[in-house]
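Asks: here are the coordinates; sequence isn't available:
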């Protein structure tokens, strides 16, 4: 009987672990910015129906907030990142509400470019950190790495 558990346990761990790569999708249309000016870049996210991710600002220190990291690039400075207003999600069987994002939404990034930056395509590297949950459980925190194509004119 002990041998049976050796084979069942890995199968349960595999089947019980859901990948989150298909739960959150990131889309970034190519951004056009102008040398020496402040510009906006839009990052579009889509959370799979039935799931949500925690908001950028959370009320509980144990909840993992959604964050966006953008690696600095010479000549392009990120000034501000604006997340949308959060939706309220009520935990099943409680009067507790969480601030979450679900469905389709955008994060707006304000960048400032130097006047002498080369007028060409640049690539910014970014990471979206989040924790996806459904109405019964939360999955392991996840990071999606992606690129932002920026055309400087």
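Replies: Structure's in. What do you need? Remember, it's a predicted structure, so these values are computed and weren't measured experimentally.

Asks: tell me the SS of the most centrally placed residue in the chain?
Replies: Nearest residue to the geometric centre of the chain (C-alpha atoms, centre = their mean): residue 128, 3.6 Å. Look at residue 128: counting by DSSP: H, G, I helix; E, B strand; the rest coil, its state is strand.

Asks: Leaving out sequence neighbours, find the closest residue to it.
Replies: Excluding the flanking residues, the one nearest residue 128 by C-beta to C-beta, 6 or more residues apart in numbering is residue 144, at 4.6 Å. (Glycine included, C-beta is placed from N, CA and C.)

Asks: Now for the one you found, how many residues are close by?
Replies: Residues near residue 144, counting by other C-beta atoms under 10 Å, number 15.

Asks: Same question for residue 150.
Replies: With neighbours defined by other C-beta under 10 Å, the count for residue 150 comes to 22.

Asks: Next up, the contacts around residue 136.
Replies: Each residue near residue 136 by C-beta atoms under 8 Å, 6 or more residues apart in numbering is listed here: residue 92.

Asks: Checking it next. Helix, strand or coil?
Replies: Three-state assignment for residue 136 (three-state DSSP): coil.

Asks: just checking, the residue nearest to the centre of the chain touches residue 141?
Replies: No - under the criterion of C-beta atoms under 8 Å, residue 128 makes no contact with residue 141, lying 11.1 Å away.
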